[in-house]
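**Q** Turn this into a structure:
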Amino acid sequence: MNEVIEAINQDWTDIYYHLHYKHQDGLSHQAVRLLQHLEKNRYATIGDLASLLGVSHNTASEHAKRLIQKKLVEKKRDAKDERKVYVILTAEGEAAVKRHTRLDPDKLKKVLEHLHENEAEMVKTAFSILSRGAKSCF
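**A** Modelled structure (predicted):
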């Protein structure tokens with residue numbers, strides 16, 4: 001099993017290294033993780049973000065402030081309980097998280113065009129199976 005894990009990790013790093021977007025917006029790793037969390041969960045409190053990063057509430061609040069200043073997130077009060085404040089992605093934040101966590105479609109298309117149709121379908125299926133497994137484990 002360890003050989004399979006090592007092979008997947010090596011292949012994934014090769015794929016990401018060659019096919020990712022080139023980022024130029026200077027976001028920290030923590031900022032990208034927060035944006036990705038918000039993309040997957042839509043609404044999160046500062047407490048949720050602090051828990052995600054394993055930092056204090058104040059530190060998470062500072063991260064959120066920087067993202068607000070960059071117009072990548074905004075705060076929104078809960079309609080039913082105004083004591084609750086959520087951090088949510090803006091349209092700019094959605095675009096930033098895509099640039100930082102996805103493969104460049106143009107580069108990926110170029111690779112897929114060099115595969116046979118059945119190979120491209122196998123790649124799609126393999127990623128779908130891996131994604132489904134990841135979601136069910138956590």
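**Q** which secondary structure element contains Ile88?
**A** strand 85-89 (DSSP states H and E).
**Q** Other residues contacting that strand?
**A** With contact meaning C-beta atoms under 8 Å, 6 or more residues apart in numbering, strand 85-89 is reached by 34-35, 38-39, 42-46, 49, 64, 67, 72-78, 97. Just so you know, the C-beta spots here come from the backbone N, C-alpha and C atoms, and that holds for glycine as well.
**Q** can you pull the pLDDT of the spatially most central residue of the chain?
**A** The chain has Gln36 as the residue nearest its centroid, 3.3 Å off, counting by C-alpha atoms, centre = their mean. The confidence metric pLDDT takes the value 96 at Gln36.
**Q** hang on, it packs against Ala96?
**A** No. Using C-beta atoms under 8 Å, Gln36 makes no contact with Ala96, being 10.1 Å away.
**Q** which stretches of the chain form strands?
**A** Assigned by DSSP state E, the chain shows strands spanning 73-77, 85-89.
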